[in-house]
Each structure stands twice: as structure tokens, then as C-alpha cells.
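1. with the input below, show me the fold.
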Amino acid sequence: MSYPFILSQRSISQQRDFFLFCLKQHPTAIMCGGCNLKRQRISVKTFYRWLDIMDDDHRDRNLSSRFHLQRINLRRFNVLLYVLDEAVPVEGSPLPRDSEEPLGPGVYAAFLEGKPYPGQLGGHFYRATFQEREIQARLDIPGLYVPDASEISDYEVPPDIMATALQRDRGVCCLTGRADLPTVVKWIIPPAVANQLYPCTEWDRQPFRTPENTLTLCSSLVGPFQENILSVDFEDAARIVTFQDLPSDAPPLLTHLHQPAQAAARFWHRNLKWSLQVHFYGGDVCFEPQDPDPLDLMKELAEDEADLTEDKWHSGVGAEVLAEYMEQRMCLLSGCDSGSDGGSDEERRGSVSDEAEDDDGCLSVHSSDASGPISDSSSI
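-> The predicted structure is shown next:
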């Protein structure tokens, strides 16, 4: 399926067919999340609840419970920059928050009382996994970074808590219900990262160093669990959720957690939130490095050095740069005050950042100076 925007490598790798855009900087639309609904089938009601879980640390709670999602139409405004199509900005009806209908694929945004929702939705960057965070914590770079021994220790379950968990679960994996496979005890939410999630009143890690914050699971599932591929939606009868396909040697999972304990609910809530932010957040192409660089392509055109028979000009960022160049050039040649997209040349420049101009001071291209796609910030 084709979209009016360039798919980022994150969207391609996840085979996304659901895209959520944030309109906080309306009319600019920035992708703040997405997923593949062919493998992650959820109801509209569940998705709203998940979105509330993901975003509860940067939402205006007076407004967030009132917005509704609706399909939108986008158009290119500049290179890698998209806005609502003013001709037909929305399609269909808003999605009711209590709908048990399956969430459908498409391009969506949030609206409040018929207007673009002014708050932050989703995140521009996705979280590092538990595994990535632990690797980062163990980095030892002389003169630059010294590992924090207390942080590293909080990725490991201490012997006394492990013994209590083993006695409680009797070697039964809580995700498969099996006791005939090797098992280990892991944290549901590692104390080393737990206080980085809202509500962050528990800055002391001690409340998370408890047997209730542990699970027994098959050794072959440790990798997927540490990569946040697995989680549990405790509010949905402790349903087991997967965000990617499991390794071929992984045992079959139960549909729901084996013998769920209410005391573990708050820890699973944090685990689910972290996992959702790992897999759902991010995906806007402007936050990924581009090869070739749009600025170089625009310079190539401006200096009349481009060979337009080359494949790079026929798709992706090259096609967008060429289209933008031609629109601006036509505007300059005709002496008009506004581009073919209906916005003035001054508006076009003023709405984007990090622009490049040719020697005539006329041609610009939007780009991003983002250093990478991963951030431990849950919002931008």
C-alpha cells in the first residue's frame, strides 16, 4: 500500500499498517507511533487504554480523556515534512472510546471537539529495551563513563528474593505453565529502571526489590522478555501480549498469565508501559539519517549537477527533493508570492527547521539534526 509520506526504516521493519500522527504543531503532522495490526489485533477500546498507559506521564488529564482518534489525509509540505490536507483533512467518523470493534489499519490523529488535539501524543523516539539498558549500564569507558555498581546489581535478582520466588512458583513458568523446562527468575520491571516511569514518586529502588516483582520463566524466553517482546496486560485478565514473533525454539505461550497475583499488578503495569514505548513509539522518517542526504540532493539540483535519469530521483527522499525543487523553482520563475501548495514562500521557510539555501537564497529543504532514533525519554 502507498502512503502520502515516506516510510521510515522503523515502520518498514515492523511492517506497520497503523500510523498515529501528533498534531501538536498543527498543521505539521509528526508520526508518534505505529504498529502492525496483522499481528497485533486489538480493539479500539484496548488501544485507547494502551495509549493512556503509554502517555500518562505527559498528558493533560483534563483533555486526554476527551479526545478521539480519526483517520486523516496528509500531503507533503516540504521534504520529509507533512501536513493535514486542507482539502479533505479527515475521513469517516471519530473512533468511540468504548468500541469493542477491531482497530483498523490506516493513518490517524487525535481530535478534540472537532479540532486537532493540542497535546503531545505518543513519542518521537522509542525506548531502549531492558537488554539495551543493561548493556549501557555495564559500559566501562575509561575517562568517560564508569559503571554504577548499584545500578548494575539492580538488574540481577538477589539470592534471597530468588529463593522466595522459586518456592512460590515451584519451577513453573508463568508464561507457558510448564515445569518440565529449565527456568530462571527475572525481575518483572528491573529496579534499575523502574523509577524512570511515571508515577516517579518512588525514587527509592527498594520498593521494587521484592518477590512480587519477579516471575519464573523458561530459559528460552529470557531473551525475548529482556527485549520487551513479551509482556502482560494485567487489566485484561492478565493476558499475555507479544509484540514480535518469538524465536522458533520458544515454547508455546499461554493466553493468560499462570496463577496471576494481584500484588504483581503494579509491576506488570510498568512492564507493559515500557514494552509499549519500546515497540509503538517513534517512526517519523525525519528523525532517521537519510542516505543520500536531502541537503546534498538539493545542492546538486541547485548547482545543475543532477542526472535526473538516476534511480535516486524517482522514489523516496530523492523524489521529494526533486518535487520540492521544481515547485520552488516554478514559483521563482513566475514571480509569485506563494508556492503551488498554497503557502507563501515565507510561511514555507518559517514552518521548518534547519533549512539550506542555494546561492540565490531561495531554495530550502527541511531536515533533522536528530542524532538517533533511541531515547530513554518517554516523550519529546
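2. domain ranges for this structure?
-> Domain assignment for the chain by automatic domain parsing gives 9-126+282-287, 154-267.
3. can you give me the helices in the stretch 251-380 of the chain?
-> Taking DSSP state H, counting those that start in this stretch, the helices of the stretch 251-380 of the chain run over residues 265-279, 294-302, 316-334, 345-350.
4. most tightly packed of those?
-> helix 265-279 (a mean of 23; mean count of other CB atoms under 10 Å). C-beta coordinates here come from the backbone N, C-alpha and C atoms, glycine included.
5. would you mark the buried spots in stretch 241-257?
-> Within stretch 241-257, the residues that count as buried by 16 or more other CB atoms under 10 Å are 241-243, 246, 250, 253, 256-257.
6. can you check stretch 38-55 too?
-> 40, 42, 44-51, 53-55.
7. out of those residues, which one sits closest to R66?
-> Closest approach between those and R66, by CB to CB: Y48, at 11.5 Å.
8. can you pull the phi/psi pair for the closest one?
-> phi -60, psi -40 (degrees, to the nearest 10).
9. do the same with T216
-> Taking degrees, to the nearest 10, you get phi -100, psi 130 for the backbone angles of T216.
10. excluding covalently adjacent residues, which one is nearest to it?
-> Distances taken as CB to CB, 6 or more residues apart in numbering place D169 nearest to T216, at 4.0 Å, with adjacent residues excluded.
11. contacting residues for the one you found?
-> Contact analysis of D169 by CB atoms under 8 Å, 6 or more residues apart in numbering lists 183, 215-216.
12. if I look at it, how far off is P289?
-> 45 Å (CB to CB, to the nearest Å).
13. with A165 instead?
-> Relative to P289, and taking CB to CB, A165 is found at 43 Å.
14. what residue ranges in the chain are flagged as low confidence?
-> Along the chain, the model assigns pLDDT under 70 to residues 57-64, 198-203, 336-380.
15. what sits closest to R97 if chain neighbours are left out?
-> Y48 (5.0 Å).
16. check contacts around that neighbour.
-> Going by CB under 8 Å, 6+ apart, Y48 touches 69, 95, 97.
17. which of these ranks first by neighbour count?
-> Among those, L69 has the most neighbours (other CB atoms under 10 Å), with 22 neighbours.
18. beta-bridge partners for it, please?
-> Judged by DSSP bridges, the bridge partners of L69 are A110.
19. residue contacts, it?
-> Taking CB under 8 Å, 6+ apart, one finds 20, 44, 48, 94-95, 108-111 in contact with L69.
20. how near is it to Q277?
-> As judged by CB to CB, L69 and Q277 stand 18 Å apart.
21. from L69, how far off is E132?
-> In terms of CB to CB, E132 sits 30 Å off from L69.
22. with Q9 instead?
-> Q9 is 25 Å from L69, by CB to CB.
23. over to L221?
-> 33 Å.
24. do the same with D160
-> 47 Å.
25. list the contacts for the residue nearest the centre of the chain?
-> Of all residues in the chain, the one closest to the mean position by CA atoms, centre = their mean is Y281, 1.0 Å from it. Neighbouring residues of Y281 by CB under 8 Å, 6+ apart: 32-33, 54, 122-127, 378.
26. go again using 6 Å as the cut-off
-> By CB atoms under 6 Å, 6 or more residues apart in numbering, Y281 lies in contact with 33, 122-123, 126.
27. tell me which of the residues you listed fall in strands.
-> Residues of the contacts of Y281 located in strands (DSSP state E): G33.
28. taking the contacts of Y281, tell me the two that lie furthest apart.
-> It's G122 and Y126 that sit farthest apart of the contacts of Y281, by CB to CB, at 9.7 Å.
29. closest one to L74 out of the contacts of D169, please.
-> L215 (41.8 Å).
30. mind checking the SS state of that closest one?
-> Assigned with DSSP: H, G, I helix; E, B strand; the rest coil, L215 falls in the strand class.
31. against I188, how distant is it?
-> 6 Å.
32. neighbour-wise, which of those two wins?
-> Applying other CB under 10 Å to L215 and I188 shows that L215 carries more neighbours, namely 25 against 22.
33. that one pairs with what?
-> Residues in beta-bridge contact with L215 (DSSP bridges): K186.
34. just T242 next, same as before
-> L230.
35. the closest residue to P118 other than its chain neighbours: which element?
-> With CB to CB, 6+ apart as the criterion, P118 has its nearest non-adjacent residue at 6.3 Å, and that residue is K24. In this structure, K24 sits in neither a helix nor a strand according to DSSP states H and E.
36. dihedrals phi and psi, K24?
-> The phi/psi pair for K24 (degrees, to the nearest 10) is phi -60, psi -30.
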